[in-house]
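K.L.:
okay, predicted coordinates and the sequence, questions at the end:
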Amino acid sequence: MDFLVIGIVAFAASALTFFSGFGLGTILLPAFALFFSAPAAVAATAVVHLLNNLFKGTLIFRTAHWPTVLRFGIPAVPGAIAGALLLAYLGEMPAFRWSAFGREFVPSTGGIIIGLALFVLAVLELVPWFQKLSAPARWVPLGGLLMGFSGGLTGQQGALRSIFLLKTGLDAPRFIATGTMVSIFVDVSRLPTYFASFTRGTLDLAGREGMLVAVGTACAFAGAWVGASYFKKVTIEVVRYLVAALMLLIGTGLIFGVLGT
């Protein structure tokens, strides 16, 4: 069941996110959180996210606006490292304990932060004005720093990236390619920090968790190819609402320690 869920979600998310406003990590993180601890779910998502972006980048890197990539991506590096270090520090720290039906739940501080991020992002996805929110182009370096920190700490970076890139004047193909290249900066920065800093909850890439990540990556590759080959800019409001509902449920589960521990 875990391989089936991860594979389907990775394929669908990667295909839909090629030309939509969704982010692969936004959709994939809740799926990994069903089976992994919260920090490990973030790290697993980051692995698939990086490899998928590298694959996608080979298809569209020539279209990227590289001055914007560098203005956004370079400040994102220290932000991503700082966020990843903070997640490593908070990841396994118990926040509180509660019991129900003869079972004790101990949510971690890191799990609560990730759960809150999913919860808030899900609510914002349902608010029409959030889709049009943008920041002045001169704030792009600040946006890179904030996006990197958010990506390192919670695994969520797509929403902030869009807010700060919308006012750059890039057309749709350049917007997509530039966002992909910037995202690679974050992934390359946070992954080594995750694996160097996590104690308990680090991914065992040599075991079953590694196989799940491999399946997720392969399915994401297939989804990206399908997205590049067949999808145009599509209206996916039904998918948006379904994913938001899933994020609300998973976020609540992480906050209360029912999932991700």
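P.N.:
Now that the structure is in, tell me what you want to look at. Numbers count the residues shown, from 1 in each chain.
K.L.:
what about residue 125, distance to residue 158?
P.N.:
From residue 125 across to residue 158, the span is 11 Å (Cβ to Cβ, to the nearest Å). Bear in mind the C-beta positions are built from the backbone N, C-alpha and C, glycine included.
K.L.:
also residue 214?
P.N.:
Residue 214 is 23 Å from residue 158, by Cβ to Cβ.
K.L.:
quick one: which of the two has more around it?
P.N.:
residue 158 (22 against 16; other Cβ atoms under 10 Å).
K.L.:
so that one touches residue 29, yeah?
P.N.:
No: if you go by Cβ atoms under 8 Å, residue 158 and residue 29 don't touch, sitting 10.9 Å apart.
K.L.:
now do the helices in this structure.
P.N.:
Taking DSSP state H as the criterion, the chain carries its helices at 2-17, 24-33, 38-60, 66-90, 109-125, 140-154, 158-165, 172-197, 208-230, 237-255.
K.L.:
export those helices as TSV, with columns for mean pLDDT and distance to residue 98.
P.N.:
Conversion of the helices of the chain to TSV gives the following (pLDDT from 0 to 100; distance: least, Cβ to Cβ, whole Å):
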stretch	mean pLDDT	distance to residue 98
helix 2-17	82	26
helix 24-33	78	19
helix 38-60	83	17
helix 66-90	91	19
helix 109-125	78	13
helix 140-154	89	23
helix 158-165	79	30
helix 172-197	85	28
helix 208-230	82	27
helix 237-255	69	11
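K.L.:
right, and the ones you listed - which one's nearest residue 133?
P.N.:
helix 158-165 (5.4 Å; Cβ to Cβ).
K.L.:
just the angle between that closest one and helix 172-197, please?
P.N.:
Angle, helix 158-165 to helix 172-197, by axes from the mean of the first three to the mean of the last three Cα atoms, to 10 degrees: 130 degrees.
K.L.:
who does helix 158-165 touch, helix- and strand-wise?
P.N.:
helix 24-33, helix 66-90, helix 140-154, helix 172-197 (3 or more Cβ pairs under 8 Å, 6 or more residues apart in numbering; DSSP states H and E).
K.L.:
between the second one and helix 140-154, how big is the angle?
P.N.:
Orientation of helix 66-90 against helix 140-154 (the same axes, to 10 degrees) gives an angle of 30 degrees.
K.L.:
same check, this time on the longest one
P.N.:
Between the direction of helix 172-197 and that of helix 140-154, the angle (the same axes, to 10 degrees) works out to 50 degrees.
K.L.:
buried sites along helix 172-197?
P.N.:
For helix 172-197, a neighbour-count test (16 or more other Cβ atoms under 10 Å) marks 174-191, 193-195, 197 as buried.
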